[in-house]
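Participant: With the input below, show me the fold.
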Amino acid sequence: MFKKVLILSASAGAGHVRAAQAIERAFLEMHAAEEVRHIDALEYTTKIFKNIASKAYLDLVNKAPLLLGWFYELTDKPWKSERLRLAIDMLNTQPLVKMIKQYQPDIMVCTHFTPADIISWLKERNAIHSPHAIVVTDFDVHASWLCRHFEHYFVAIEEARVHLEKLGIPAHKMTVSGIPIDPVFATHKDKKAMREKYGLEPDRTTILVSAGGFGVGPVENLLASLLETKHQAQIVAICGKSEELKGRLENVAAHNPHKRRVSINVVGYTTAMDEYMAAADILVGKTGGLTTSEALARGLIIVVVNPIPGQEERNADHLLEEGAAIRCNNLPAIAYKIDRLLDNPSRINAMKKNIRRLARPRAAYDIVSKLINLKA
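Facilitator: Numbers count the residues shown, from 1 in each chain. Next up is the predicted model:
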């Protein structure tokens, strides 16, 4: 058992934080530590750095995704700009350095590359000596994740492990764990029982849309296109915390001309995404590492729409290559693509087999188990 565990994430998008929360919960459920502290590293940085890393990032996601993709590709040059990146990080993260030194954890686990960079630098200078684990939260490993001083990497897929090994990371210091998601996804939940719980028809194809994260273009256009589906279906649109969006989508549902064939169920903020995923057959949306991993854990076929250029594009590439997803580049054709899929049960069965092979619902538990073994 560890005495003190420090988990460091960053609120630049929700995925890094959710991965850290999953690992924190696994530590607690497994009674693997006396104390587990999860910190958003950006809370220990300068105001301007925090704004750039969080607010500016989200602005680019929503308003200029192509620019974000260009920057992602530009900076994906292994070991080329590590000193410049570290200099910028060190200039803006002195409160983080102070906190780490004062806390003196037995082990540090990073789900974002900025704190991983800082810890690597501190270990290089013998300023701290605690073991350092890095958990990559996408299927691909961008150059920003590369560190020289660490004890272990956890990556999503075998290809990522091979990539890192080619870049000089020792094979024995890597584990293909999958991306850590809330351990609740490791618990089976009956599809029909979940549909009954949330007032859904038991035998209709159920399409889950994370409307709050759709990003590019009004989500009403997405729903209008899905209503053209020729199969009997029900759409569950999750709106998140936006009451304005919820009202707009409820208006779409109220004026649905195809409600006998395709119904719309609008859901506001919910903490039961795992149960809605358990109730669904198909997930329509973008391909963030955490959402994708959750969908795979629940056996959902993913219809990729508007992935963010860069990491989400690469996540989508892996899913398509493994036969776990289809992609719709032209929104008006999405109903056609889903109908074509539903008309082909053998293709659906093959995709579900691929999804089961890729799914890692126990990734958080597996990461903690590996860390315990490393300590021993």
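Participant: Pretty sure T93 sits against I39.
Facilitator: No. Using C-beta atoms under 8 Å, T93 makes no contact with I39, being 11.9 Å away. For glycine as for every other residue, the C-beta is placed from the backbone atoms N, C-alpha and C.
Participant: Look at those two and report which has more neighbours.
Facilitator: Neighbour count, other C-beta atoms under 10 Å: between T93 and I39, T93 has more, with 23 against 18.
Participant: how close does that one get to S210?
Facilitator: Relative to S210, T93 is positioned 32 Å away (C-beta to C-beta, to the nearest Å).
Participant: what kind of secondary structure is H258 in?
Facilitator: Following DSSP: H, G, I helix; E, B strand; the rest coil, H258 is assigned to coil.
Participant: check contacts around it.
Facilitator: 227-228 (C-beta atoms under 8 Å, 6 or more residues apart in numbering).
Participant: cool, and Y269?
Facilitator: 239-241.
Participant: Now a PyMOL select for only the buried ones of the residues you listed.
Facilitator: Remark: buried members of the contacts of Y269, expressed as a PyMOL selection using 16 or more other C-beta atoms under 10 Å:
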select buried, resi 239
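Participant: can you put the contacts of Y269 in a markdown table and add secondary structure, distance to A363 and pLDDT?
Facilitator: As requested, the contacts of Y269 are arranged in a markdown table below (DSSP: H, G, I helix; E, B strand; the rest coil; distance: C-beta to C-beta, whole Å; pLDDT from 0 to 100):
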| residue | secondary structure | distance to A363 | pLDDT |
| --- | --- | --- | --- |
| C239 | coil | 28 | 87 |
| G240 | coil | 24 | 80 |
| K241 | coil | 27 | 79 |
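Participant: Of the contacts of Y269, just say which sits nearest to P180.
Facilitator: Ranked by distance to P180 (C-beta to C-beta), the contacts of Y269 are led by G240 at 21.8 Å.
Participant: measure that closest one to N256 for me?
Facilitator: Relative to N256, G240 is positioned 21 Å away (C-beta to C-beta).
Participant: And the strands in this protein?
Facilitator: Ranges of strands in the chain, per DSSP state E, are 2-9, 33-40, 107-110, 132-135, 152-155, 174-176, 205-210, 233-238, 262-267, 282-285, 301-304, 325-327.
Participant: Each with direction, which strands does the first one pair with?
Facilitator: Next to strand 2-9 in the sheet, as set by DSSP bridges, lie strand 33-40 (parallel), strand 107-110 (parallel).
Participant: swap in the last one?
Facilitator: Strand 325-327 sits in its sheet next to strand 301-304 (parallel), going by DSSP bridges.
Participant: Quick one: distance of the partner strand to the chain centre.
Facilitator: 14 Å (C-alpha atoms, centre = their mean, to the nearest Å).
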